[in-house]
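Novice: got a predicted structure plus its sequence, pasted below:
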Amino acid sequence: MNVSMTMETEEDLLTCLQIKLYHPQQSCNDFYDRLPLGTRRRHAADDPLRLGRDDQACAYVLLDPRVSRKQLALYAYHIPQSSEMLFIIQNLSQRGKLSVNTSALGYLERMDLPDKALIRFGEYEILIIRESGEAMANFEVEFEVLAVPPSRETSTSLWKEQTSMSLPPVMETCSDSRISLSPKDSSFGPQESDETLPCYS
């Protein structure tokens, strides 16, 4: 197979990371002006994807003085005898912990990135969704701004799933106080953690 054909095949099968951002003050700030919103950008798989405030150290920059110079990094990898591209996420901030779904990462701690991950630091919520591909050398990144926090949808979905699994059927003629549970009930869904620092620069 010639080089041009190989490149074309890889282009069709690139893994894509959809990175969806939310901050409660995003409508009155320019946090995302340096991000390529709405377009897919190719990223070399052997180059860690860093997000932070420092445009010299990070491929993707948040214009927010409270964000660390290097906030987080994503590392692509393959397992033996598989073409599937997977990722590891690492917290690069010394000032606060990084929340990945229900796990908290301290400085330089890392873990496998789930296919759908809710990332939180400070007031930021970032939903990362991995679209699988087979290309070995590159992957794509697509940034999007969300109008509502992704934890709202995640929390509601989790509440529905847990409620349907934990509650027995209730007859229409009977009332059960348990059916009054709200998606905002504190026992379900991702919650803000005391470990997340309000100032994270």
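Specialist: Received the coordinates, thanks.
Novice: what about the helices in this structure?
Specialist: 3-12, 150-166 (DSSP state H).
Novice: of those, which shows the lowest average pLDDT?
Specialist: Among the helices of the chain, helix 3-12 has the lowest mean pLDDT, at a mean of 46.
Novice: count the residues that sit near Ala59.
Specialist: By other Cβ atoms under 10 Å, 17 other residues sit near Ala59. (Each C-beta comes from the backbone N, C-alpha and C, glycine too.)
Novice: how close does it sit to Leu49?
Specialist: 6 Å (Cβ to Cβ, to the nearest Å).
Novice: which residues do the two both contact?
Specialist: Here Ala59 and Leu49 share the contacting residues His43, scored by Cβ atoms under 8 Å, 6 or more residues apart in numbering.
Novice: distance between stretch 95-111 and the chain's centre?
Specialist: Centre-to-centre, stretch 95-111 and its host chain are 12 Å apart (Cα atoms, centre = their mean, to the nearest Å).
Novice: show me which positions of it end up buried.
Specialist: For stretch 95-111, the neighbour count (16 or more other Cβ atoms under 10 Å) marks 96-100, 104-105, 110 as buried.
Novice: ends of that stretch, what's the gap?
Specialist: By Cα to Cα, to the nearest Å, the extent of stretch 95-111 from end to end equals 19 Å.
Novice: just the pLDDT at Glu134, thanks.
Specialist: 82.
Novice: count of residues packed around it?
Specialist: Other residues within reach of Glu134 by the criterion other Cβ under 10 Å amount to 14.
Novice: same question, His78
Specialist: Neighbourhood size, His78 [other Cβ under 10 Å]: 12.
Novice: right, I'll call it a day here.
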